[in-house]
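# Give me the fold of what follows.
(2 chains)
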There are 2 protein chains.
Amino acid sequence: MTDPIRSLDDLAPGQGWDIGTLSLPLEEVVAFASRYDPQFFHLDPEAARDSLFGELVVSGLHTLSAVFGHVMRSGLISGISVGGNQIDSRWPAPLRPDEEIAIRVEVDEVRPSRSGRPLGIAKLRYTARRVADGVVVLDAVGTHFLRR
Amino acid sequence: MTDPIRSLDDLAPGQGWDIGTLSLPLEEVVAFASRYDPQFFHLDPEAARDSLFGELVVSGLHTLSAVFGHVMRSGLISGISVGGNQIDSRWPAPLRPDEEIAIRVEVDEVRPSRSGRPLGIAKLRYTARRVADGVVVLDAVGTHFLRR
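Coordinates of the predicted model:
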């Protein structure tokens, strides 16, 4: 477990946490894509050879969801998170099944509520890099409502 | 099935398609959240009463993924889609399990490739509205690479 953040007021732009690694096995990649992103280059290793990628790659929505779940399970913000309303995601390079990725969370922006409620908004940047070559496969910024 | 788009060159900003409706049953909502967004207000109807939402709500990542899968299954772009590298998502209002949402896709922007390849970029806007009251629960813009 990462040390949990106890209050929005403990956050400042530039802070960051490395939150371990994960990889997505082919079976889970195909199961996710079958339901949520049924494109042939996420589903069928043979057919995917004729895609732009030249092989089967993980759905970007799957990478995003897996990284998000990983961060939530780390406990970093689970004690103070009350919701969110925005995520802007980029996938600069493809991810293959079973490739290990390293997850990092950084604070982009912090805004205490002006309404006097014991809440505020933090923009957190989620980055996933392939461990083998350091290439970024996910760069996402989420807008979170956090307790103070 | 929606009539499939045959080429990026058939797209123009302002075009739009209504692609039917869907709803997410509680069992699927909890299964998705357990793996990809394990926050108590997506997992436990009792505990969720004490959340800001006052009840269990669907993970925004689940809404996004389900809408995206629904559009892919419609066949609208599956014949010409070769990948994508960006989705910017907003969740202006919460979605509850079993609430029916209506899905719409609109063309925000079209850019043929300058490299001479038979491809181009289209920005497609995905909107999901609760059928009961018309409230938008998802507003997402995806950047797609499409064949010409």
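# any idea how far B:Phe40 is from A:Ser7?
Distance, A:Ser7 to B:Phe40, by C-beta to C-beta, to the nearest Å: 19 Å. All C-beta atoms are positioned from the backbone trio N, CA, C, and that covers glycine.
# A:Ser51 too?
Relative to B:Phe40, and taking C-beta to C-beta, A:Ser51 is found at 39 Å.
# now A:Phe40
Between A:Phe40 and B:Phe40 the distance, using C-beta to C-beta, works out to 37 Å.
# Check the gap between A:Glu28 and A:Asp98 for me.
10 Å.
# which outside residues touch stretch A:9-24?
Residues outside stretch A:9-24 that contact it (C-beta atoms under 8 Å, 6 or more residues apart in numbering or on different chains) are A:2, A:5, A:58, A:62-63, A:66-67, A:70-71, A:74, A:76, A:95, A:97-110, A:112, A:120, A:122, A:131, A:146, A:148.
# do stretch A:106-126 as well
Residues contacting stretch A:106-126 (C-beta under 8 Å, 6+ apart): A:8-9, A:11-17, A:64, A:67-68, A:71, A:77, A:82, A:103-105, A:127, A:138-148.
# before we move on, which element is A:Val67 in?
Following DSSP states H and E, one finds A:Val67 within helix A:60-74.
# any idea of the angle the next helix or strand after that helix forms with strand B:81-90?
Using DSSP H and E, the helix or strand that follows helix A:60-74 towards the C-terminus is strand A:81-90. Going by axes from the mean of the first three to the mean of the last three C-alpha atoms, to 10 degrees, strand A:81-90 is angled at 140 degrees with respect to strand B:81-90.
# helix or strand right after strand A:81-90?
Using DSSP H and E, the next helix or strand after strand A:81-90 towards the C-terminus is strand A:101-112.
# mind listing what that next one pairs with, with the direction of each?
The strands that strand A:101-112 pairs with in its sheet are strand A:16-22 (antiparallel), strand A:119-130 (antiparallel) (by DSSP bridges).
# Tabulate those strands (JSON lines), appending distance to B:Glu46 and mean pLDDT.
Formatted as JSON lines, the strands paired with strand A:101-112 follow (distance: least, C-beta to C-beta, whole Å; pLDDT from 0 to 100):
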{"stretch": "strand A:16-22", "distance to B:Glu46": "29", "mean pLDDT": "97"}
{"stretch": "strand A:119-130", "distance to B:Glu46": "23", "mean pLDDT": "97"}
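# any chance of those strands in a markdown table, plus distance to B:Phe32?
Formatted as a markdown table, these follow (distance: least, C-beta to C-beta, whole Å):
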| stretch | distance to B:Phe32 |
| --- | --- |
| strand A:16-22 | 17 |
| strand A:119-130 | 18 |
